[in-house]
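**Q** Quick one, structure for this:
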Amino acid sequence: MNQYIKGEVIKALREKKRMTQAEFAEKIGVTDKAVSKWETGRGLPDITLVEPIAKALGLSVGELFAGEQIINRNVASNMRKAQLYVCPICGNIIQSTGDAALSCCGITLPALEAEECDDSHAIRVEIIEGEYYVTVDHPMTKDHYISFIAYRTGDRLETIKLYPEGNAECRFFRRGRGEILAYCNRHGLFRVRT
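**A** From the prediction side, this is the model:
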């Protein structure tokens, strides 16, 4: 995480729960004066209090650091609404079935937003032997490459990891309507509908 809990965040979340400073202080085992100092920016809670503060506010520790409760509006878990995240430092690929507050290598990760293909990121899909054969005409150097190709339908998200100096191609079993996604390490996520 690149920031500590801010006093105004604690105050806003406490007030949202309709708790007084005294009630909140009692739940986490501190004085109301300590809570007042945090909320006015004259002090910070000790690191050992982070988990009790989150619990008292009905949040996870990650949500507390983010300053808001993350509510997954994708309750049906339709995988077409699944989110993808990529760490710019280690290249870790993370997926979630809805909104999430995620971090990797100390960086808060934004959800990737897929763009329609352009000339330099054209995704070609052919049907061969009942499968989708996917190719991307794109450089595959160590500095500029397609990191992964994914096939997303209503009930699944299948990801195939690619590596520099390999080919930007793969195959997927056809599973119905959806979209093929390709992630360029420099330009982001691109898609084509199937």
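**Q** going forward, measure contacts between C-alpha atoms and count neighbours the same way
**A** Will do.
**Q** All the strands of the chain, in order from the start?
**A** For the chain, applying DSSP state E gives strands covering 83-86, 93-96, 102-104, 107-109, 115-116, 123-128, 131-136, 146-153, 157-161, 169-173, 178-184, 188-193.
**Q** Name the strands paired with the fifth one and say parallel or antiparallel.
**A** Pairing partners of strand 115-116, with direction, according to DSSP bridges: strand 188-193 (parallel).
**Q** and the angle for the strand it pairs with with strand 123-128?
**A** 40 degrees (axes from the mean of the first three to the mean of the last three CA atoms, to 10 degrees).
**Q** Give me the angle between strand 188-193 and strand 146-153.
**A** Here the directions of strand 188-193 and strand 146-153 differ by 40 degrees (the same axes, to 10 degrees).
**Q** between strand 188-193 and strand 178-184, how big is the angle?
**A** Computed by the same axes, to 10 degrees, the angle separating strand 188-193 from strand 178-184 equals 160 degrees.
**Q** quick one: buried residues of strand 188-193?
**A** 188-192 (16 or more other CA atoms under 10 Å).
**Q** Please name the bridge partners of Glu126.
**A** On the basis of DSSP bridges, Glu126 takes part in beta bridges with Tyr133.
**Q** dump the residue contacts of it.
**A** Taking CA atoms under 8 Å, 6 or more residues apart in numbering as the contact definition, Glu126 lies against 132-134.
**Q** Out of these, who's the most crowded?
**A** Highest neighbour count within the contacts of Glu126, by other CA atoms under 10 Å: Val134, with 22 neighbours.
**Q** How many neighbouring residues does the closest residue to that one other than its chain neighbours have?
**A** The shortest distance from Val134 to any non-neighbouring residue, by CA to CA, 6 or more residues apart in numbering, is to Val125 (4.7 Å). When neighbours are defined as other CA under 10 Å, Val125 has 19 of them.
**Q** Quick check: Val125 vs Gly188, distance?
**A** Shown here: Val125 relative to Gly188, a distance of 19 Å by CA to CA, to the nearest Å.
**Q** can you check Ala66 too?
**A** When distance is defined by CA to CA, Ala66 is 24 Å away from Gly188.
**Q** Repeat that for Lys55.
**A** Lys55 sits at a distance of 36 Å from Gly188 (criterion: CA to CA).
**Q** again, but for Leu44
**A** For Leu44, the distance to Gly188 (CA to CA) stands at 37 Å.
**Q** same question, Ala168
**A** Shown here: Ala168 relative to Gly188, a distance of 15 Å by CA to CA.
**Q** Save the contacts of Glu126 as TSV, and put in distance to Ala182 and pLDDT too.
**A** Supplementary listing: these in TSV, determined by distance: CA to CA, whole Å; pLDDT from 0 to 100:
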residue	distance to Ala182	pLDDT
Tyr132	14	96
Tyr133	13	97
Val134	10	97
